[in-house]
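Novice: Here is my input, please return the structure:
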Amino acid sequence: MKMRMTLLAGVAALALSPAAFAQDSNEPVLPPAQEQAPAEQMPMDSQGAPSDPTVSQPASDSGAIGDVVVEPAVTPPPAEAVIQAQRPNEMRTENLIGANVYNADGEKVGKIKDILFDTSGAATGVVLSVGGIMGLGAKDVGLSWDEVEVDPQPELVRVNFTKEQLEAAPSFKTQEALEAETGIDDPVGGSAQPEPAPEPTE
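Specialist: Numbering: from 1, shown residues only. Next up, the predicted model:
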């Protein structure tokens with residue numbers, strides 16, 4: 001009887017020993033490894049690493065980020081054609097428009113309202129605003145560019161006429177004003193065709 005009890009106890013100890021060993025061990029129990037396809041059978045990306053075929057890859061084109069586009073060099077105008085700075089003997093039109101005009105006696109006779117240029121770009125005259133009170137009631141008077149003395153350094157404009165002489169001069173009219181009055185294009189230049197002479201009557 002004693003021998004039988006000893007054998008049963010040994011069998012029970014052998015049956016419980018794997019569970020006890022698993023409980024005493026600190027290592028985690030890992031699931032069985034999943035089968036993977038060999039690396040040489042998987043698609044590779046541009047870096048040589050396996051890539052997932054289910055993930056779509058962006059198409060590569062010439063406009064992709066990272067492409068460097070070299071712009072052709074732009075040639076500037078020649079040095080003799082470029083003015084890099086205003087000269088001491090030059091005056092800008094923004095300083096001329098609205099500038100006071102004086103005569104030889106230092107009397108203020110008007111203000112420059114406009115500047116006239118021909119087709120070659122040369123200044124041909126100025127339009128002065130003369131008379132009036134605070135700009136009201138003033139008249140426009142045109143003068144030849146040769147009659148105007150411009151001094152860039154003090155930004156002074158002079159003419160050799162008195163205020164009374166300028167007020168007595170005929171008013172300046174623009175091309176638009178002349179066309180509105182006469183209904184003829186370029187009446188000063190004479191581009192209008194003359195009317196045909198009437199036919200003689202018998």
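
Novice: Can you spell out which helices and strands pack onto the lengthiest strand in the chain?
Specialist: If you go by DSSP state E, the chain has its longest strand at strand 108-117. If you count contacts as 3 or more CB pairs under 8 Å, 6 or more residues apart in numbering; DSSP states H and E, strand 108-117 packs onto helix 93-96, strand 100-102, strand 123-130, strand 139-144, helix 163-168. C-beta coordinates here come from the backbone N, C-alpha and C atoms, glycine included.

Novice: What's the separation between the spatially closest residue to F117 that is not a sequence neighbour and P152?
Specialist: Counting by CB to CB, 6 or more residues apart in numbering, A123 is the residue found nearest to F117 once chain neighbours are left out, at 5.7 Å. Distance of A123 to P152, computed by CB to CB, to the nearest Å: 14 Å.

Novice: Ok, L128 next?
Specialist: L128 is 19 Å from P152, where distance means CB to CB.

Novice: So, low pLDDT: which residues of this structure?
Specialist: 1-66, 135, 184-202 (pLDDT under 70).

Novice: Which parts of it are helices?
Specialist: Along the chain, counting by DSSP state H, helices occupy 2-24, 93-96, 163-168, 175-182.

Novice: Give me the contact list for the second one.
Specialist: So that's helix 93-96. Residues outside helix 93-96 that contact it (CB atoms under 8 Å, 6 or more residues apart in numbering) are 112, 115, 126, 150, 155, 157.

Novice: Tell me which residues of it come out buried.
Specialist: L96 (16 or more other CB atoms under 10 Å).

Novice: Ok, stretch 128-135 next?
Specialist: 128-131.

Novice: which residues sit against it?
Specialist: Stretch 128-135 is contacted from outside by 101, 109-113, 137-143, 159, 163, 166-167, 169, using CB under 8 Å, 6+ apart.

Novice: now S144, which residues is it bridged with?
Specialist: Under the criterion DSSP bridges, S144 forms beta bridges with G125.

Novice: Quickly note the distance from it to G125.
Specialist: 5 Å.

Novice: So those two - more neighbours on which side?
Specialist: G125 (18 against 10; other CB atoms under 10 Å).

Novice: What separation do you get for the more buried one and G142?
Specialist: When G125 is compared with G142 (using CB to CB), they lie 6 Å apart.
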